[in-house]
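Chemist: Build me a model from this:
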Amino acid sequence: MLRHLRPTLVLLTGLTLVTGLAYPLAMTGLAGALFPAQAEGSLVRNADGTLVGSALIGQSFTSPRYFHGRPSATVAPDPADSTKTVPAPYNAANSGGANLGPTNPALIDRVKADLATLKADNPADPVPQDLVTTSGSGLDPDVSPEAALFQVPRVAKARGLSEDALRALVAGQIREPSLGIVGERRVNVLALNRALDLAPMPAQQAR
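Modeler: Below you'll find the model as predicted:
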């Protein structure tokens with residue numbers, strides 16, 4: 001019996017060491033050597049090394065001085081009652097969507113309120129779809145170029161900057177589909193806001 005079991009045990013042990021230990025360690029080391037930034041989570045840091053976020057996880061920007069991302073439906077435990085949850089936009093510890101159907105009153109009311117706010121900021125242009133719809137993860141770091149450009153009047157007014165300069169800034173942050181076919185044209189909100197803070201901008205001309 002041992003004569004029949006020995007090859008099986010040797011094979012099992014060998015494959016476990018190769019596929020369960022050697023291969024993962026080799027791939028981790030190779031990824032860290034070839035793509036160090038991506039292997040560490042695509043972390044974004046300021047010039048002084050201060051961590052400001054990740055290029056892969058969105059953040060909740062609410063100030064009118066910054067470009068905003070998509071709505072997020074992520075939640076967190078209610079501090080007052082652990083059996084309930086409270087909204088916590090872009091909570092990376094609890095990724096997920098709203099799971100609300102198109103006829104759900106809560107979804108309809110939220111979208112109407114968002115539309116009203118967006119139209120008050122920019123009544124001249126149609127509201128891009130991604131500014132009123134959540135992503136499946138609730139952590140989407142990107143918006144469409146149209147969504148970024150839609151917010152230019154608000155940001156320009158809040159900062160007293162030229163709208164043309166802001167549109168040029170947005171254009172410089174547009175990323176094309178990978179290999180020309182994978183994904184869509186997009187703007188990373190964190191990268192755009194960092195560029196907004198760092199780039200010298202001409203002031204809006206008085207009228």
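
Chemist: Can you report how many residues neighbour Asp164?
Modeler: 12 (other CB atoms under 10 Å). Any C-beta I mention is one placed from the backbone N, CA and C, and that applies to glycine too.

Chemist: and the gap between it and Ala156?
Modeler: Here Asp164 is placed at a distance of 9 Å from Ala156 (CB to CB, to the nearest Å).

Chemist: okay, now Phe61: neighbour count?
Modeler: Look at Phe61: counted by other CB under 10 Å, it has 17 neighbours.

Chemist: Without its sequence neighbours, what residue ends up closest to it?
Modeler: Leaving aside its sequence neighbours, Phe61 sits nearest to His68 (CB to CB, 6 or more residues apart in numbering; 5.1 Å).

Chemist: Just to check, that neighbour is in contact with Phe150?
Modeler: No: His68 lies out of contact with Phe150 (CB atoms under 8 Å); the separation is 10.1 Å.

Chemist: Find residues that contact each of these two.
Modeler: Leu131 (CB atoms under 8 Å, 6 or more residues apart in numbering).

Chemist: per-domain residue ranges of the chain.
Modeler: Following automatic domain parsing, the chain resolves into domains at 2-37, 42-198.

Chemist: Single out the most deeply packed of those domains.
Modeler: Ranked by mean neighbour count, the domains of the chain are led by domain 42-198 with a mean of 15 (mean count of other CB atoms under 10 Å).

Chemist: end-to-end on that one?
Modeler: 20 Å (CA to CA, to the nearest Å).
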